[in-house]
Each structure stands twice: as structure tokens, then as C-alpha cells.
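> When you get a sec, could you give me coordinates for this:
(one chain, ligands or ions: 1)
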Amino acid sequence: MAKLMGGSAGFHVQGAHMQASRPPSLSFRTCAQLEISRFCTIPRFMGVKAVNASQQHMRHRFSSIRASALPCMQDDTTRYFDFVVIGSGVAGLRYALEVSKHGSVAIITKAEPHESNTNYAQGGVSAVLCPKDSVESHMQDTIVAGAHLCDEETVRIVCTEGPERVKELIAMGASFDHGEDGRLHLAREGGHSHNRIVHSADMTGKEIERALLQAVENDENISVFGHHFAIDLLTCQNNGEIFCYGVDSLDTKAQKVVRFISKVTLLASGGAGHIYPTTTNPPVATGDGIAMCHRAQAVISNMEFVQFHPTALSDEGLPIKPAKIRDNAFLVTEAVRGDGGILYNQSMERFMPLYDDRAELAPRDVVARSIDDQLKKRGGKYVLLDISHKPREKILAHFPNIAAECLRHGLDITQQPIPVVPAAHYMCGGVRAGLQGETSVKGLYVAGEVACTGLHGANRLASNSLLEALVFAQRAVQPSIDHMVDADADPCLAEKWARPVLSVSIKDSALSDIIEKTKKTRMELQSIMWEYVGIVRSTNRLKNAEWKIGDLESEWEEFLFRRGWKPATVGIEACEMRNLFCCAKLVVKSALARRESRGLHFTEDFPYLEESKRKPTVIFPTAIQELTWSSKPLQRQLQCK
Ligand SMILES: Cc1cc2nc3c(=O)[nH]c(=O)nc-3n(C[C@H](O)[C@H](O)[C@H](O)COP(=O)(O)OP(=O)(O)OC[C@H]3O[C@@H](n4cnc5c(N)ncnc54)[C@H](O)[C@@H]3O)c2cc1C
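Predicted coordinates:
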């Protein structure tokens, strides 16, 4: 079973059991060291560049062929690259554009390349670009929003390097709004004490994605594999250290398994919003990267901190309902509150000042909980966000996308308030990363929403995630190049792992039963998560969730295997389902481990902050994996001797 450490327990590294279960490559600060620091510090993975004895051994073992020879060894089912990037959002694309100067790059992405959380980002990217603003102020806002669980070093790095990363984006062709003075227009959002949000109207993510995809298209060293679903990482274990050599993918258009062998793998697969029924995330956000890493025995952290955006458009409250249920809830950006939007309940009573002095400008967790409380107390299905008191031209200039979406459904936001509800929005936890995006698995780096760098702590400050993705995508570049130069790849490596198999041997009728059952199971899992692991939690409800999810998973697996499914069989619905199960269980376990309320994690049984619990939750891998299908990699991890 995966070893989970939460609260104070997570750092009692002296414990004999912890010593045994932690991969020896990880280096952790001791509890005492943590406590003398004002801000809680996420432990780092050390020695990324150092070549130790076991790596030397591996190099010898797998040596023979250099990077330049790899691209010519492609065939339909096995492809060799220096760098494999999983995900084509801001993190993956930005990284690919840098490492492509040093070797061949494959970007594999599960849908159309633009389909990503990035593409939906509205508000913008936060960066200190105004002389009146300061890095210290941005840091302070980040740390306060993160309920003092942020890693101060990470926060400093991101706030300091951020402005440069934004300027690079502009140099690459991203176009952001300018004010009448000709300077970048900097908006303000909840939790920020200065105007520092660089934006492109309310479609900032789309503009960033457009500019980066355009640059990727012009880069001869990058190959993009759309509709390739990453299934599991290919890993080897040597002397207790785990090494990554690429990933298996399912080409969902051609219906074939394609193995990517690489010297370096960057995981930039985004979030896990679809563990909940209502989410602002597009359908691709099923937590695949976190689940893959957990199965590959990487360290996972802070999964209890799921950000619910307080203001997703409530279809229930629209005069004209959408013709079909949306895959993802439409977001009404934070910037609407930043621009003076007021929240009312359905009796048109302003309620935010009752909960927090900052009223509508309070951080997201506070606003989401306040709305949740209003809905529970008053039995409503939505609350109202009103911006109609602002000049019409300004509303239309700042929020053209929201205005158009509402108008399509019979609502004029320049005249009427917008019906809104909270929706799952952002995963603050993820694969634990060091300051250069390194993970506990050698050759595997992470950037963007899939990573837990320590920036967000217990809650993400608005517009800090695009920034984090940009900064960490860049920081992972140099160690990746160093690793790539050091690594050699054996052409026979590709055949060392058994290959996943397609579901072709399963009868059509059984297969459609499986797909139907999986759809139903997915909805059941999502409703358990919403009901028992939502905005306000309790130990009892979390335990119930753990038990219900366990039962649901066993029932689903039994159903599949009774109909001819095998452990190595792959199909996109089932693969996503096992990833959703894996992530949901990580969230529940982490939430149960945190016996206090902090940031996004609020539990009725421990409703207060506790200084002694101001530590990240860490899920360490152990040698013995849980026996469920979702927690085991399809390919057995190799022992490299
Ligand atoms: C509606 C909305 C509005 C937002 N607004 C803002 C904002 O204003 N400012 C801000 O800073 N942040 C915002 N965010 C958050 C921000 O957009 C994301 O955190 C950020 O874009 C994540 O970038 P990423 O590159 O890590 O992941 P993503 O952009 O999500 O990209 C992930 C990529 O991985 C691919 N992928 C996933 N699984 C697999 C798999 N198994 N195999 C292959 N490919 C896979 C996906 O297809 C996708 O291409 C918003 C998010 C949403 C949903």
C-alpha cells in the first residue's frame, strides 16, 4: 500500500518505517530544521546532476547509442527521442521550445494540441511589472493566500523570475492588452494587493496557447503527437533508485499502442478537475500524470488542496439553458470581482462582508466557502455576481467572452447579475518537484499544474499558475539537458517492458458494456467526491468516501475482468477511469491525514489552523503497491542489474 504521511508525521524522517519506505535518492530536511524556518519548506530532491555509482552502472549497462542516432530508429510502434514531453499546455510547450535547441523532442498530447487548461485561462498571468509593485509584495500575497504553507524559496524564485518569463512570451508573439499610456494593462484580482495581472482581454490562455503552438509548429526539432494518450511511464529500478525511460501511449485515432523511449521525460499533463462532477477544467484534465507518477513510485504531495473556483457560470440560473450538459463549467473570472463585481444571494442581499473584511476581494477559498454556506443555509442553487453598475463599454471591453457566453443564453451582463456556483478548478497538490522541476524518479521532470513545487501551499493565488508553469518549465531545462547529455539509450531497451494490448480480443457487446459501465462509474465517483470530499469536509464523510470509493473501484474492476479485460489491456475510457480512481483516493487519504483546517482544506472536526500542522502532506511510495488495477503500472517496473 502507498505510504501516506500527513501533517507532522510527514517529516518524522527518523522513523524506521519511513527510512525503509523512502527511495534513498531523496534527501529531506529534518523536522527541527523545518521548525526554525518561518515558512514551511518543502523538502528537495538532491543531486539531480550528480552521477552516482548506480547511474554510472546504468550508463554502462545501457550504453551504446548516442542521441543523434535515435531519431532514425523510429517505427510505427516505437519512437526514440531525446526528450519526451507529455502535455501541450503552457508548461509542456514552453519547455519543448527550449530543449529543442539541444535535441529531438516529442510532444505527446491526448487530444487536439490546444485542448488544455491553459487554453481556458481567462484572467491572466501575475507578474511584478509596475514600479509601484514589488517582488516582496507579490510574495506576501502568495504566502497569505497559501495559508502560510508555501515554500518561501519557491515563492521568491517564481515572483522574481516571473516578469522575465512574461517578457519572453511577448517576444515569442503573445499579445497582451495595453492601456491608453501604451504600457501593458495590469489588472487586479482577488488576493493581490497591486495591479499585476497581464492579460489578453478575458482569453489570456488562448492567446498564450496560440503563440506557443505557432512557435512549436515552426520548430523542426519538435514533433507533436496529437490524440496520443500517455498510459504509464517506463521505469527501471536500480539500487533503490528509479529511472524513467519514456512512456507508453495509446494512439486513439489509429487505435495502436506507441512506445516512446526517451532520455528525459517532462510531465506537463495538467490537473485533475474531473474527479468532481462540476469543474472548469476541459475533459482532458483527469489526473493522468499524477496517477502515472504515483504508480511509478514518485513522491506526491498536498493532494487535499483542491481549489474550487467560487464563480463558475450556473447553467441553472440562465434564462436559456444550454442545449446539452457542458463538459466543463464556464468560468466567470476573478477579474469580475477585481473590477468591482458584487456577490448577492438570490434575495439580492450582499453577503461577502458578513464573512470577510476583504469582501469580494477575499481569496478564493474564503469566497467559495461563503457561497457554499449561503447555498446550504438558503437552499439556493446559485448566487449572483453583479457587474452591471460599471460602464457598459468597460464591461464589454474587459469581459467580451463572458458577455458573449451569457448573451447566448439570454442574459445581458451589462444589465443583469450573473448566476454563479463554485466548481472544482485547480489542483494545488501533485507530483513533488524540487526547484528545477526534478522528481524522485531520475530522468523525470514535472512542470505546471501536475507539479507540486510548494508555490501555492494550501491555496493558489489567482493568476499564479500560468506564472508557475512558465517559471518551472524554464527551470527544468538545464538539468534536463545535463541529464540528456549524460544518458545513453540502448535500442533494445524498448523491448524490455511487456507491451500494453488493445481491447480487440474482447467481443463488441462486452466492450460496449464495459464502456457503459465505466461512464456510470465515473459519474458515481464524481458524485461521491462532491458529496463527501467537497468544499466543507468532515472525518466521517471522508471515511465514508474512502469506503465508497474502494467498493466502487472493486465492483468496476470485477465487472471489467469478468468481461475479458486483462491487466495489460488498454482503452481510453478505462485508462482515464483508473487515473480518476487513483487521484480521488490520493485526495481522500491526504484530506484524512490533515487534522486541521488550512487554506482549501476545511474540515468541521478540526476547524482551526494549528501551527504544529503547518507542513505539507507527503505520500511516499512503498515497495508494496495496493492491489487495485489503478495503483499498479501496466508494465512491471524492471530491475536493472
Ligand atoms: C477555466 C480556467 C481558467 C483559468 N484561469 C487562469 C488564469 O487566469 N490564470 C492562471 O494563472 N491560471 C488559470 N487557470 C489555471 C491554468 O490555466 C492552469 O493551471 C495551467 O494552464 C496549467 O498548465 P499546464 O501546462 O500545466 O497544463 P494544461 O494546460 O492543462 O495542459 C495539460 C496537457 O496535458 C495533456 N494531457 C493530460 N493527460 C494526458 C495524457 N494522459 N496523455 C497525453 N497528454 C495528456 C492535455 O491534453 C493538455 O495538453 C485556469 C484554469 C481554468 C480551467
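
> Up against the ligand, what does the stretch 1-150 of the chain have?
Residues of the stretch 1-150 of the chain lying near the ligand by CB under 6 Å from any ligand atom: 86-92, 108-111, 115-118, 120-125. Any C-beta I mention is one placed from the backbone N, CA and C, and that applies to glycine too.

> show me the contacts for R432.
Contact analysis of R432 by CB atoms under 8 Å, 6 or more residues apart in numbering lists I42, F45, A298, V299, I300, S301, T439, S440, A451, C452, V618.

> Can you check what pLDDT the model gives it?
We note a pLDDT of 98 for R432 in this prediction.

> Can you name the residues bridging to it?
On the basis of DSSP bridges, R432 is bridged to C452.

> How far off centre is stretch 394-412?
29 Å (CA atoms, centre = their mean, to the nearest Å).

> cool, stretch 481-494 as well?
27 Å.

> got the CA coordinates for it in CSV?
Taking Å, rounded to 0.1, in the frame of the first residue of the first chain, the C-alpha atoms of stretch 481-494 are listed here in CSV:
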residue,chain,number,x,y,z
ILE,A,481,19.9,18.9,-20.9
ASP,A,482,22.6,17.8,-18.4
HIS,A,483,20.7,14.5,-17.9
MET,A,484,20.2,14.0,-21.6
VAL,A,485,23.9,14.6,-22.3
ASP,A,486,24.9,12.1,-19.6
ALA,A,487,22.3,9.4,-20.6
ASP,A,488,22.7,6.8,-23.3
ALA,A,489,19.9,4.7,-24.6
ASP,A,490,20.1,1.1,-25.7
PRO,A,491,18.0,0.4,-28.8
CYS,A,492,17.0,-2.9,-27.1
LEU,A,493,15.5,-1.0,-24.2
ALA,A,494,12.2,-0.7,-26.0
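
> and it, which residues are buried?
Residues of stretch 481-494 classed as buried by neighbour count (16 or more other CB atoms under 10 Å): I481, H483, M484, A487, D488, A489, L493, A494.

> quick one: contacts for the residue of the stretch 401-550 of the chain found nearest the ligand?
With CB to the nearest ligand atom, the shortest gap between the stretch 401-550 of the chain and the ligand falls at G448, namely 2.1 Å. The contact partners of G448, taken as CB under 8 Å, 6+ apart, are 87, 89-92, 268-270, 465, 468-469, 472-473.

> Just say helix, strand or coil for V264.
What DSSP: H, G, I helix; E, B strand; the rest coil gives for V264 is strand.

> Check it and give its pLDDT.
Predicted confidence (pLDDT) for V264: 98.

> Kindly provide the distance from it to A451.
Distance of V264 to A451, computed by CB to CB, to the nearest Å: 15 Å.

> So if I had to pick from those two, which one is more boxed in?
A451 (32 against 29; other CB atoms under 10 Å).

> Dihedrals phi and psi, V588?
Backbone dihedrals for V588, given as degrees, to the nearest 10, come out at phi -60, psi -50.

> Quick check: it touching W547?
No - using CB atoms under 8 Å as the test, V588 is too far from W547 to be in contact (9.8 Å).

> between those two, who's got more neighbours?
Comparing V588 with W547 by other CB under 10 Å, the one with more neighbours is V588, at 28 against 13.

> show me what contacts that one?
Counted by CB under 8 Å, 6+ apart, V588 has contacts V533, L542, A545, E546, I549.

> Roughly how far does T628 sit from V570?
Separation of T628 from V570 (CB to CB) stands at 16 Å.

> same question, S370
Counting by CB to CB, the gap from S370 to V570 is 44 Å.

> With M203 instead?
35 Å.
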